[in-house]
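In: Sequence plus the predicted model coming up.
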Amino acid sequence: MNLLNFPKIELHLHLDGSVRPSTVSDILNLNKKEVEKNMLVDISCKDLNEYLTKFDLPLKILQTKENLIRVSEELAIDLKKDGVIYAELRFAPILHTREGLTCEEVIEAVIEGISKVNVKINLIICLMRNVSDNDNYKVIEAGLKYINNRVVGFDLAGAEAIYKTSNFKELFKYISKYDVPFTIHAGEADGINSIKSAIEFGTKRIGHGVRIMEDNSMIQYAKDNNITFEVCPTSNIDTKIYKEYREHAIKKMYDNKLNITINTDNRTVSNITLTEEYNKLINTFKFSLEDLKVMNINAINAAFISNNKKESLKQEYYLKYKEFINNGGYNGQG
């Protein structure tokens, strides 16, 4: 099934996990096969902590304005080719300041890169679990300067099982004062309490959140309170949340009427595109094109944009979906 032109929305995508290996190879003058070995996860990966080591090499190059601009532009091009019509791209500015850039300069470089491509992309600024509160507050202050200039919200990322979500209450209490939306990685490497903490902080979006299926009362709470889950199936297999794709909770989540969205998480590290992810979901769980459309509309409803922009994006989505169906776009190679 050729779903390349199927219109797609992506809400959970990391910049440093989606760098082209060829770009790293070019900048560092390294053998491309060796670069791929260090950037792409394989079946021997034990858990999320090992998965996160695949970011070391791309982060090495993402320390200059020039490279940040280049990588951001290339990712925007890749998204457009993948049929993505709206994306929220996330990154942690603090991770790109090792060679002297300020958080503001990092954000500006990414804005410049994505602005070179005619595709709708906004930015989510990540706080990191493994850095000091002082550094995270510095990132918040930097991010707030660009609200309504591509930056639309915040996130908390990193080793969830080691640095518990409950430890970050004050950071999100501070963000909430500015009436800026946020999402939180929760219920991936850690369990249901991580999701509870994230929801208590006031988030309406959960990054991953698959562990919600361990608690029926939380499933009901999420439904009643319109919580949206940014699900990244292949990534969850890579980090050994599930042993096999067919064991993934996404079908049960969907059948339980939770607000599900489909995402790649890290296009390079997990060696996946949204088109490939959609095909996996169809082949493994028998999701229909209508199901995929529903999940994309869920994503638009949960996007960190104004209601007017959501309505406009929905109209664009319905139009492109209709064109896809009318053109028989799904008949062919997939």
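Out: Yep, that arrived.
In: The stretch 1-150 of the chain: strands as residue ranges?
Out: Counting by DSSP state E, counting those that start in this stretch, the stretch 1-150 of the chain has strands at residues 8-14, 84-91, 120-128.
In: I'd like to know which of the ones you listed lies nearest to Asp215.
Out: Of all the strands of the stretch 1-150 of the chain, it is strand 8-14 that lies closest to Asp215, at 21.7 Å by CB to CB. Where C-beta positions appear, they are placed from N, C-alpha and C, glycine not excepted.
In: name the helices or strands packed onto the closest one?
Out: strand 84-91, strand 205-208, strand 259-262, helix 274-285, helix 289-302 (3 or more CB pairs under 8 Å, 6 or more residues apart in numbering; DSSP states H and E).
In: angle of the fourth one against helix 289-302?
Out: Using axes from the mean of the first three to the mean of the last three CA atoms, to 10 degrees, the interaxial angle of helix 274-285 with respect to helix 289-302 works out to 130 degrees.
In: Buried residues of helix 274-285, list them for me.
Out: If you call a residue buried by 16 or more other CB atoms under 10 Å, then helix 274-285 has these buried ones: 274-282, 284-285.
In: What of the longest one?
Out: Of the residues in helix 289-302, those with enough neighbours to count as buried (16+ other CB under 10 Å) are 289, 291-293, 295-302.
In: who's in contact with the helix or strand of the chain with the lowest mean pLDDT?
Out: When the helices and strands of the chain are compared on mean pLDDT, DSSP states H and E, helix 48-51 comes out lowest with a mean of 82. Applying CB atoms under 8 Å, 6 or more residues apart in numbering, the external contacts of helix 48-51 come out as 41, 45, 159-162, 188-189, 235, 238-240, 269.
In: Over to stretch 291-308?
Out: 6-11, 86, 88, 122, 124, 152-153, 181, 204-205, 228, 254, 259-262, 278, 281-282, 309-310, 313-314, 317, 321.
In: Could you pick out the longest helix of the protein?
Out: The single longest helix within the chain, with elements called by DSSP state H, is helix 307-326.
In: list the buried ones in that one?
Out: Across helix 307-326, burial judged by 16+ other CB under 10 Å covers 309-310, 313, 317, 320-321, 324.
In: Whichever of the contacts of stretch 291-308 end up buried, select them in ChimeraX.
Out: Here is the ChimeraX command that selects the buried residues among those (16+ other CB under 10 Å):
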select :6,7,8,9,10,11,86,88,122,124,152,153,181,204,205,228,254,259,260,261,262,278,281,282,309,310,313,317,321
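In: one step back: I'd like the buried residues of helix 307-326 as TSV, with distance to Ile114 and pLDDT appended.
Out: Shown next, in TSV, are those (distance: CB to CB, whole Å; pLDDT from 0 to 100):
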residue	distance to Ile114	pLDDT
Lys309	17	98
Lys310	20	98
Leu313	17	98
Tyr317	20	98
Lys320	20	97
Tyr321	24	97
Phe324	24	95
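In: export the residues you listed to a markdown table and tack on distance to Val117?
Out: Below are these laid out as a markdown table (distance: CB to CB, whole Å):
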| residue | distance to Val117 |
| --- | --- |
| Lys309 | 19 |
| Lys310 | 22 |
| Leu313 | 17 |
| Tyr317 | 19 |
| Lys320 | 17 |
| Tyr321 | 22 |
| Phe324 | 21 |
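In: Just name the closest of the residues you listed to Ser217, please.
Out: Each of those was scored against Ser217 by CB to CB, and Lys310 proved nearest at 29.8 Å.
In: Disregarding residues adjacent in the polypeptide, which is nearest to that closest one?
Out: Of all residues not flanking Lys310 in the chain, Ile300 sits nearest, at 5.6 Å (CB to CB, 6 or more residues apart in numbering).
In: okay, the one you found: pLDDT?
Out: Ile300 is assigned a pLDDT of 98 by the prediction.
In: next one: Asp179
Out: 95.
In: Now it: which helix or strand?
Out: For Asp179, there is no helix or strand it lies in under DSSP states H and E.
In: Got phi/psi on it?
Out: Backbone torsions of Asp179, given as degrees, to the nearest 10, read phi 60, psi 40.
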